[in-house]
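> My questions concern the predicted model and sequence given below.
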Amino acid sequence: MKKFLTGVIGLLALATLAGCGNHKLSVGASTKTPSGMVAVIKGKTSKNAKISYKIDNQSKKAVKNTDGAYIIEVPAKTKQQTVVVTSQKDSDVITKKVTINKTKALGKYKTISASYNQAVIGMSLSKADQKKAKDLAAAEKKAKASSSTTTSAAKAKAAIAKLPASQQKAALAKLQAQAKEMTALQKEGKEVQAAMATAKKENKDKLLPTTLSNGVKNVITQHNYTVRANYQDKNLMGLTLIVPVKAMKQKDGQKDFGTVFALLSNELGANYKSVMKQFEKLQKDAKNSSSTSTATNVIKSNGVKFAVGYSTTHLYIYITK
């Protein structure tokens, strides 16, 4: 009986060791460079294992185990990141480290969002208000250029009084004309400000949010397009423009796409005319091709990269540096 029990215990021990031997964890390459807005860690583990990961000093996060496979997406940052992947099966724990290379930011989010929003608001103004805004900008530029010689009305009149009598009349007429022009500009300024406030309210859903928290999230959601951003520590690391394929076949969808794509390209420092020309060529080549490939094509302009990819239902444009 004693020998029998010893044998059973031995078999159980072997079974336990065999179970531990079956526990596995793979992470692919140990060093990864983000593609688009994220770096992707794909791997295999035991079917009933619990998967989690931790990025640098952040809290640990659980990952779904799908029949022994898992996927982790790590948002790109301007600094190198270390990801520790953990697989736990019963009391057996396996950990592996993955290094995520740093990438360049598109720029400071606050600066880009303010400029983009101003462009959206400006485009929505009436032609009359756009002209007023243009005139005001020109007047402001002129005023800055002559700021060293600008004086108050009282001082200007005092200076005119010191001129010879033959010159005073002309100088006074010029001063009055300038005052009249300034009054008209001030009136136009108030009108433009009111028009911009109205335009901002009417287009609030088309504007980038003024503040964001770290992470990847949708920042603009419209019927014909979605803009997704990777915001990290005040930096805009990347944007993704997502457009339904069916929207690209409709006039209003094409117009919305063209407008937002051009605005994003321009505000990020790319030459939007060059970008649109390259994109149109990609579209034309894809239309004339008999291939069903959904491979990503990359457009480059002034250091900005636009990776164009397709699914069966959507067009994706990943914008990074």
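Sure, I can see it.
> can you give me the strands in this protein?
31-32, 38-44, 50-55, 61-63, 69-75, 81-89, 92-100, 107-108, 215-221, 226-232, 235-244, 297-301, 304-310, 314-320 (DSSP state E).
> Next, format those strands as JSON lines and append mean neighbour count, distance to residue 161 and mean pLDDT.
C-beta: built from backbone N, CA, C; applies to glycine. Conversion of the strands of the chain to JSON lines gives the following (neighbours: other Cβ atoms under 10 Å; distance: least, Cβ to Cβ, whole Å; pLDDT from 0 to 100):
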{"stretch": "strand 31-32", "mean neighbour count": "16", "distance to residue 161": "76", "mean pLDDT": "98"}
{"stretch": "strand 38-44", "mean neighbour count": "18", "distance to residue 161": "71", "mean pLDDT": "97"}
{"stretch": "strand 50-55", "mean neighbour count": "18", "distance to residue 161": "73", "mean pLDDT": "98"}
{"stretch": "strand 61-63", "mean neighbour count": "13", "distance to residue 161": "77", "mean pLDDT": "97"}
{"stretch": "strand 69-75", "mean neighbour count": "17", "distance to residue 161": "68", "mean pLDDT": "98"}
{"stretch": "strand 81-89", "mean neighbour count": "19", "distance to residue 161": "71", "mean pLDDT": "98"}
{"stretch": "strand 92-100", "mean neighbour count": "16", "distance to residue 161": "73", "mean pLDDT": "98"}
{"stretch": "strand 107-108", "mean neighbour count": "15", "distance to residue 161": "51", "mean pLDDT": "98"}
{"stretch": "strand 215-221", "mean neighbour count": "15", "distance to residue 161": "59", "mean pLDDT": "97"}
{"stretch": "strand 226-232", "mean neighbour count": "22", "distance to residue 161": "60", "mean pLDDT": "98"}
{"stretch": "strand 235-244", "mean neighbour count": "22", "distance to residue 161": "57", "mean pLDDT": "98"}
{"stretch": "strand 297-301", "mean neighbour count": "16", "distance to residue 161": "59", "mean pLDDT": "94"}
{"stretch": "strand 304-310", "mean neighbour count": "18", "distance to residue 161": "58", "mean pLDDT": "94"}
{"stretch": "strand 314-320", "mean neighbour count": "21", "distance to residue 161": "61", "mean pLDDT": "96"}
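> Out of those strands, the one nearest residue 121 is which?
strand 215-221 (14.0 Å; Cβ to Cβ).
> In its sheet, which strands sit next to the closest one, and in what direction?
As defined by DSSP bridges, the strand partners of strand 215-221 come to strand 226-232 (antiparallel).
> Which residue ranges make up the domains of the chain?
According to automatic domain parsing, the chain is divided into the following domains: 17-100, 108-206, 215-320.
> what about the second one, how long is it end to end?
Distance between the boundary residues of domain 108-206 (Cα to Cα, to the nearest Å) amounts to 20 Å.
> Over to the last one?
Start to finish, the residues bounding domain 215-320 are 15 Å apart (Cα to Cα).
> Leaving out sequence neighbours, find the closest residue to residue 259.
residue 123 (7.5 Å; Cβ to Cβ, 6 or more residues apart in numbering).
> where along the stretch 1-150 of the chain do the helices fall?
2-22, 109-124, 127-145 (DSSP state H, counting those that start in this stretch).
> picking that back up, who wins for proximity to residue 24 among the strands of the chain?
Residue 24 sits nearest to strand 38-44 of all the strands of the chain, at 6.6 Å, using Cβ to Cβ.
> So what touches the closest one?
Outside strand 38-44, the residues that touch it by Cβ atoms under 8 Å, 6 or more residues apart in numbering are 24-28, 32-33, 53, 68-76, 83, 85, 98, 100-101, 216, 230.
> rerun that using 6 Å as the cut-off
When contacts are defined by Cβ atoms under 6 Å, 6 or more residues apart in numbering, strand 38-44 is touched by residues 26-28, 32, 68-75, 98, 100.
> same check, this time on stretch 206-221
By Cβ under 6 Å, 6+ apart, stretch 206-221 touches 37, 75, 113, 116-117, 120, 226-232.
> Which two of the residues you listed have the greatest separation?
Greatest spacing in these, by Cβ to Cβ: 75 and 120 (25.4 Å).
> Not counting sequence-adjacent ones, nearest residue to the spatially most central residue of the chain?
With distances taken as Cα atoms, centre = their mean, the residue of the chain nearest its centroid is residue 239 (3.1 Å). Excluding the flanking residues, the one nearest residue 239 by Cβ to Cβ, 6+ apart is residue 319, at 4.4 Å.
> Verify the contact between the one you found and residue 237 for me.
No - contact criterion Cβ atoms under 6 Å: residue 319 and residue 237 do not qualify, at 10.2 Å.
> pLDDT below threshold where in the stretch 1-150 of the chain?
1-21, 132, 135-137, 139-150 (pLDDT under 70).
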